[in-house]
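# Here you go, sequence then predicted model.
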Amino acid sequence: MDQEDKNTLNAFIQNQINNIPITLNDELSYKNKPFNHRTDFHIMKEHVDDFLNGDNINRYFVLPGLRGVGKTTLLYQTYEYLLKEKEIPPNHILYFSCETLIKVTKCDIFETINHFLKEFHQSNLRTLNREIFLLIDETHFDKNWSLTGKIICDESKKIFMIFTGSSAISLEYHSDAARRMLRYQISPLSYSQHLNLKFEYNAGNIEQALSNLIFNGEIDEAKKLEHQIGMDLLNIIGYESTDWDNYFKYGGFPAVMNDDNYRISLKKLLYSIDSVIEKDLKTLHNINQNSENYAYRMLKFLAQKVPGEISQNTLANLIKSSPSTVNTILELLEKTHLIFHYEPYSSPNARVKKSWQYYFATPSLRHAINKNWGFSPMNQNEYEGILLKNLIASILFNLKHNENHFDFDVFFDSKKGGVDFLVKKGFENPIPIEVGHGDKSKRQVINAINRYDSDYGIIISNTTSNIEKKDNIIYVPYKTFSLM
């Protein structure tokens, strides 16, 4: 590193140390009201406390997630906690974004940290004798981020690190680093998380109760909490009956939670999609302008399509490209978690040969694409049914990838007239789930229960006002299910 680079890096680090504490209030409030904390913050807070109390085993954390999902806010809130509650000096906390770092200097994370320790603490990784906190955003802009984290973790027990980045960083890491890091996926907001952040309302144990409903068929606790939450929402100042519909079509991300103007929400959602395609994909693969255009065309097609199996050959013909290009782009989009897929319920060999079903991370992203590029010919009821099915698919996907949850799998039923989803835990028989919009028919669920010898099935519908169980079928309103 030449002297000019050293001066530039020194100025960058000094600027971060001086200015971040000053900007915390602006970054962590809306209309002078501080942001509430999501569950992920409390998890990080506990780890910080453990580290300060002498537990130096868990000190390397990786938080992948989509743009706009709240990762930067989480880092700022951790910074504020360290600064104001734990009274850590500002020069012992270093926050920066790698996206910004590469714009002002040629240095990577490793060089930046070494310079920070040498110039601001007259130390290095081996000789450091005080607690230092590294809060590093958008780490996927540094190809060697995971190895850097491993080296820092190995060389010093005095450094606590939180790295955030694109969802793809959970898949793009050095094999040796995996044994050092703890990963927490930051997912789009459930409706209960939305209520907590926006209205300071705690929905209690509704997530666990709904989990028991799905996997054990137990409805009593979920039914009781559903009633209590319904009563509570009537008394929340500022809560309106349209809030859920807005969350459904424009929400799921803290960045859009307080927008009353849907055009602004739409722009923010589209910006997140643009950033994934034009920035994040390039950090994973050397794609060109044509590939970006293909990615947009594929997203437009998937957004308009009724969820169902789709082959890569079909997609290739639609976007006028090759199946190999389609395969590459789909894999990249899935790595960012902008989209995800479910496979058919069949043997592993058969699943490889069959087409998959694709969904968006949230129905709001799907809706934003359709609002921007036009809807395919369909009526409103059919369209909202597509968004609803995407919502349920997203909830199950986020539940499956929750590190605090047990392992289970989600499939789609490829049989003719099959249900929308089959949820399977271990060696147990699958639980059929059907999503209805304006239709409370139970025929498909009954057929699936008989076909798969299931103990019960679940129908999630807008024609059900509350949780109820009739015979071996559980009916759940989709607004209630979205609290999970």
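Received it, and whenever you're ready, just let me know what you need. Residues are numbered from 1 along each chain as shown.
# can we go C-alpha only for contacts and neighbour counts from here?
Fine.
# all helices for the stretch 101-250 of the chain, in order.
Taking DSSP state H, counting those that start in this stretch as the criterion, the stretch 101-250 of the chain carries its helices at 109-121, 145-155, 191-199, 206-216, 220-234, 243-250.
# So for P363, which of those sits nearest?
When the helices of the stretch 101-250 of the chain are compared by CA to CA, helix 243-250 sits nearest P363, at 6.3 Å.
# Scan this structure for its longest helix.
helix 3-27 (DSSP state H).
# is it true that K371 lies in a helix?
Yes - judged by DSSP: H, G, I helix; E, B strand; the rest coil, K371 forms part of a helix.
# Next one: it, what pLDDT does it get?
Confidence at K371, expressed as pLDDT, is 92.
# cool, and D49?
Per the predicted model, pLDDT is 98 at D49.
# so which strand or helix has it?
helix 39-52 (DSSP states H and E).
# For F406, report the pLDDT, please.
pLDDT, F406: 74.
# Quick check: it vs F481, distance?
From F406 across to F481, the span is 19 Å (CA to CA, to the nearest Å).
# What ranges in the stretch 201-350 of the chain fall below the confidence cut-off?
309, 348-350 (pLDDT under 70).
# related to what we said a few turns ago, could you check which of F406 and F481 has the larger neighbour count?
F481 (23 against 11; other CA atoms under 10 Å).
# got a list of contacts for the helix or strand following the longest helix of the chain?
Elements were assigned by DSSP H and E; along the chain past helix 3-27, the next helix or strand is strand 29-30. For strand 29-30, the external contacting residues (CA atoms under 8 Å, 6 or more residues apart in numbering) are F35.
# ok, whatever helix or strand comes next after strand 29-30: who's next to it in the sheet?
Remark: after strand 29-30, the chain's next helix or strand is strand 33-34, criterion DSSP H and E. Applying DSSP bridges, strand 33-34 is found paired with strand 29-30 (antiparallel).
# neighbours around G238, how many?
G238: 11 neighbours (other CA under 10 Å).
# which SSE is K469 in?
Going by DSSP H and E, K469 is part of strand 468-470.
# Packing partners of that strand?
Here strand 468-470 is seen to pack against strand 473-477 when contacts are counted using 3 or more CA pairs under 8 Å, 6 or more residues apart in numbering; DSSP states H and E.
# And the contacts of the helix or strand following the strand it packs on?
Toward the C-terminus, strand 473-477 is succeeded by helix 478-481 as the next helix or strand (DSSP H and E). Contacting residues not belonging to helix 478-481 are listed as 210, 226, 244, 388, 392, 460-462, 466 [CA under 8 Å, 6+ apart].
# Turn those into TSV, columns for neighbour count.
Below are the contacts of helix 478-481 laid out as TSV (neighbours: other CA atoms under 10 Å):
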residue	neighbour count
L210	25
E226	23
W244	17
L388	25
I392	22
I460	24
S461	25
N462	20
N466	17
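# quick check, nearest of the residues you listed to F199?
Distances from F199 to these, taken by CA to CA, are shortest for W244, at 12.8 Å.
# Break the protein down into its structural domains.
3-183, 270-481 (automatic domain parsing).
# Just the residues contacting the helix holding D49, thanks.
56, 58-59, 74, 77-78, 81, 131, 160, 186.
# which of those residues sit farthest apart?
Among the contacts of helix 39-52, E131 and I186 lie farthest apart (CA to CA), at 25.9 Å.
# what about those two, which has more around it?
I186 (24 against 15).
# how about the nearest residue to the more buried one, chain neighbours excluded?
G65 (4.9 Å; CA to CA, 6 or more residues apart in numbering).
# rewinding a little: what pairs with the strand holding K469, and is each one parallel or antiparallel?
When DSSP bridges is applied, strand 468-470 pairs with strand 473-477 (antiparallel).
# What mean pLDDT does the strand it pairs with get?
Here the average pLDDT along strand 473-477 is 96.
# distance between it and the chain's centre?
26 Å (CA atoms, centre = their mean, to the nearest Å).
# what's the answer for stretch 330-344, then?
For stretch 330-344 - counting by CA atoms, centre = their mean - the centre lies 13 Å from the chain centre.
# Give me the distance between the two termini of that stretch.
18 Å.
# got the buried residues for stretch 378-395?
Within stretch 378-395, the residues scored as buried using 16 or more other CA atoms under 10 Å are 383-395.
# Report the two of those residues separated the most.
Among the buried residues of stretch 378-395, Y383 and I395 lie farthest apart (CA to CA), at 18.8 Å.
# Next, find the distance separating D407 from F215.
Counting by CA to CA - D407 and F215 are separated by 11 Å.
# between the two, who's got more neighbours?
Between D407 and F215, counted using other CA under 10 Å, F215 has the larger neighbour count: 16 against 13.
# can you give me the helices for the stretch 251-400 of the chain?
262-275, 281-284, 289-304, 312-319, 323-335, 348-353, 363-373, 380-400.
# What is the second one packed up against?
It refers to helix 281-284. Against helix 281-284 (3+ CA pairs under 8 Å, 6+ apart) you get helix 323-335.
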